[in-house]
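Enquirer: A predicted structure for the sequence below; I have some questions about it.
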Amino acid sequence: MRSKWFVAGLALFFALSAGSHFLHWNMTVQFAFSAIAILFVAGFLGQATESVAHYAGQRLGGFLNATFGNAAELIIALFLVKEGLFDMVKASLTGAIIGNLLLVLGLSILLGGLKYKQQRYNEEAAGHNATLMVLAVIGLFVPAMFVTSERFSAAKDELLSLSVAAILIVSYLLWLVFSMVTHKELLRDEQSQADHDEAPAWSRRRSIVYLLLATAMVALVSEWLVGTLDQFTTEFGLSELFVGAFLIAIVGNAAEHSAAVMLALKNKIGGAVEIAVGSSLQIALFVAPVLIFASALFGKTMDILFTPIELTAIGVSVFIAASVSRDGRTNWYEGALLLMVYFILGIAFFLV
C-alpha cells in the first residue's frame, strides 16, 4: 500500500460501510459511508492492477482491470435482472459505456496531459478499438430500429435479441484472440510497456491475491451502495434513468477511474486507454449480451432494445472518443473535450 493512512482509511470505511448495511442504519448514512469506501477500495484495486500489469504487460493488465472492474457492474446488473428491472439495467449499461469513454478516458487524458505535454500509444490498437466501438453501436442500434419500425412480435423480438447477443459475444472473443494471441506484437505499446526502473509494489503471487481481494471488496461495497440508491434517489427526487446511467455507472466503474488515472499520471497512457476503452467494449460486446442470456435463464428474456436517448448518448460518446483516440496521441485539451461532452449528457439525463 502507499501508506499506513491509506490502509487505515480503507479498513475504517469498509468496516463502517459493512456495519451501516448490516445494522440497518439510516439510508443516507449508509450511502455516505459506502460512497467513501468505494473510493478507497477502487484505489486498492488500481494499485493491485498496476502491480499485476508490471508482470503481465499493459495490454493484459488493462484487460484484467477492465474485467475485474466490470465484475462489480455485472454483479449489480445480475441482481437488477433477477428483479426484472430491465430499464434500470439498460440505463446502467449505457452509463457504464459513456462513463468509461468520456469520464474515465477524459479525466485520464486531461490529468496525464497536464503533466506531460503529449502522450503517445499504439496507433494500430487505437484504430482497432475505434472500429470495435462502432461495431458495438451497430449491435445496439440495428435491433432498436428494426423492432420499432417493423413492429416485431414478442417472439421475433426475443429471437433477434438473443441472436445479436450471441454475435456480439463471438465478436468479443475473436477480438481477445486477435489482440492477445495472433497479433499481440502488432498491438504492443512500447511507451506504456516502459517501467522507468520502477519496482513492482508486490510480488507476482501477492499482486494476484490482492487483485482478487480488491475485486471482492468492490463487489460488496457496490452492492451495499446500490441497496441505498432507491430510497436515496426518491428522497432527492432523481429519475430512474439518471440513477442508472450516472450514479450506478459511476459506482460500478470506480475501479477503472482510479487505475486509469494512475497509469496516465505515470505517462502510461496506453494502459489508461486500454482500461477505459477496453471496459466500454467489454460492457457493450460481452456484459450486456451475457445479461440477456442470464435473463432468459431467470425465465423472462430482456431484449436488447435501448431507448433513443440511450442510443444517442452511446453514439455521441463513441464518435467523440474515436475521434480523439484514433491518432494514437493525446493532450490535455482532448481530455477536457471528452469531459465537456460527459457534462452535457449528464445535464440532459438529469432533466429527463
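Expert: Perfect, thanks for sending it.

Enquirer: list the buried residues in stretch 107-120.
Expert: Burial within stretch 107-120, assessed by neighbour count using 16 or more other Cβ atoms under 10 Å, is assigned to 107-113, 116, 119-120. Glycine gets a C-beta too; all of them are placed from N, C-alpha and C.

Enquirer: which of those residues fall in helices?
Expert: Under the assignment DSSP state H, the buried residues of stretch 107-120 contribute 107-113 to helices.

Enquirer: which of those residues lies closest to residue 348?
Expert: Taking Cβ to Cβ as the measure, residue 348 lies nearest residue 107 of these, at 19.9 Å.

Enquirer: distance of that closest one from residue 91?
Expert: Distance of residue 107 to residue 91, computed by Cβ to Cβ, to the nearest Å: 22 Å.

Enquirer: who are the packing partners of the strand or helix carrying residue 263?
Expert: If you go by DSSP states H and E, residue 263 is part of helix 254-265. With contacts defined as 3 or more Cβ pairs under 8 Å, 6 or more residues apart in numbering; DSSP states H and E, the packing partners of helix 254-265 are helix 27-56, helix 58-82, helix 105-115, helix 204-236, helix 269-282.

Enquirer: which helices and strands does the longest one pack with?
Expert: Which is helix 204-236. helix 4-22, helix 27-56, helix 58-82, helix 249-252, helix 254-265.

Enquirer: to residue 317, which of those lies closest?
Expert: helix 249-252 (11.8 Å).

Enquirer: CA atoms of the helix holding residue 263 as CSV?
Expert: Coordinates of each C-alpha in helix 254-265 appear next as CSV, following Å, rounded to 0.1, in the frame of the first residue of the first chain:
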residue,chain,number,x,y,z
ALA,A,254,-14.9,3.4,-9.7
ALA,A,255,-12.1,0.9,-10.1
GLU,A,256,-11.4,1.9,-13.7
HIS,A,257,-11.4,5.6,-12.7
SER,A,258,-8.6,5.1,-10.2
ALA,A,259,-6.4,2.7,-12.2
ALA,A,260,-6.6,4.6,-15.5
VAL,A,261,-5.8,7.9,-13.9
MET,A,262,-2.8,6.4,-12.0
LEU,A,263,-1.4,5.0,-15.2
ALA,A,264,-1.9,8.2,-17.2
LEU,A,265,0.0,10.2,-14.5
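
Enquirer: now it: average pLDDT?
Expert: The average pLDDT for helix 254-265 rounds to 76.

Enquirer: contacts for it?
Expert: Contact with helix 254-265 is made by 38-39, 41-43, 45-47, 49-50, 53, 58, 65-66, 68-69, 72, 100, 103-105, 107-109, 111-112, 115, 119, 192, 214-215, 218, 222, 250, 269, 271-272, 275-276, 279, as judged by Cβ atoms under 8 Å, 6 or more residues apart in numbering.

Enquirer: now a PyMOL select for only the buried ones of those residues.
Expert: This is how PyMOL selects the buried members of these, with burial counted by 16+ other Cβ under 10 Å:
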select buried, resi 38+39+41+42+43+45+46+47+49+50+53+58+65+66+68+69+72+100+103+104+105+107+108+109+111+112+119+192+214+215+218+222+250+269+271+272+275+276+279
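
Enquirer: still on that earlier bit, and the helices and strands packed on helix 254-265: which comes nearest residue 179?
Expert: For residue 179, the closest of the helices and strands packed on helix 254-265 is helix 58-82, at 6.8 Å, according to Cβ to Cβ.

Enquirer: ok, then the element right after that closest one?
Expert: helix 86-98.

Enquirer: spit out the contact partners of the closest residue to residue 141 other than its chain neighbours.
Expert: Leaving aside its sequence neighbours, residue 141 sits nearest to residue 311 (Cβ to Cβ, 6 or more residues apart in numbering; 5.8 Å). By Cβ under 8 Å, 6+ apart, residue 311 lies in contact with 137, 140-141, 144.
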